[in-house]
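Colleague: here you go, sequence then predicted model.
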Amino acid sequence: MGLFSLFKSSGMLYFPGDLTYFKFPDYYELYLKIFLKLGINVRVLDKQNSCGMVALEAGYENEARKLMRRNLEDFNQIIIKFVNQL
């Protein structure tokens, strides 16, 4: 069982960063197609929230924590084995 086989297991969530999802949505779609071609079954959230990194880097730590907590709540709503962020 190699490392690549871990990614082929079901239940992996693809959670793109803000830049990929909001600024370059074509890349988001491209990554989904790549996963599909590689035989990697990924799940995505119905509604994507900000990961909080932009708020954190801008100095808004409290807002970033709120966003991160909201994401954790969303993650807990579905059964996942891995969170992959590209």
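Modeller: Right, received. Where do you want to start? Numbering: from 1, shown residues only.

Colleague: C-alpha from now on. contacts and neighbour counts both.
Modeller: Fine.

Colleague: other residues contacting stretch 54-71?
Modeller: Contacting residues not belonging to stretch 54-71 are listed as 18, 49, 50, 51, 52, 53 [C-alpha atoms under 8 Å, 6 or more residues apart in numbering].

Colleague: run the last query once more with 6 Å
Modeller: Stretch 54-71 is contacted by residues residue 52 when judged by C-alpha atoms under 6 Å, 6 or more residues apart in numbering.

Colleague: and the contacts of stretch 18-37?
Modeller: Here stretch 18-37 has contacts from residue 50, using C-alpha under 6 Å, 6+ apart.

Colleague: relative to the whole chain's centre, how far out is that stretch?
Modeller: 10 Å (C-alpha atoms, centre = their mean, to the nearest Å).

Colleague: tell me the buried residues in it?
Modeller: Residues 18, 19, 20, 21, 28, 31, 32 are the ones in stretch 18-37 that count as buried (16 or more other C-alpha atoms under 10 Å).

Colleague: stretch 61-76: how far from the chain's middle?
Modeller: In terms of C-alpha atoms, centre = their mean, the centre of stretch 61-76 is found 13 Å from the chain centre.
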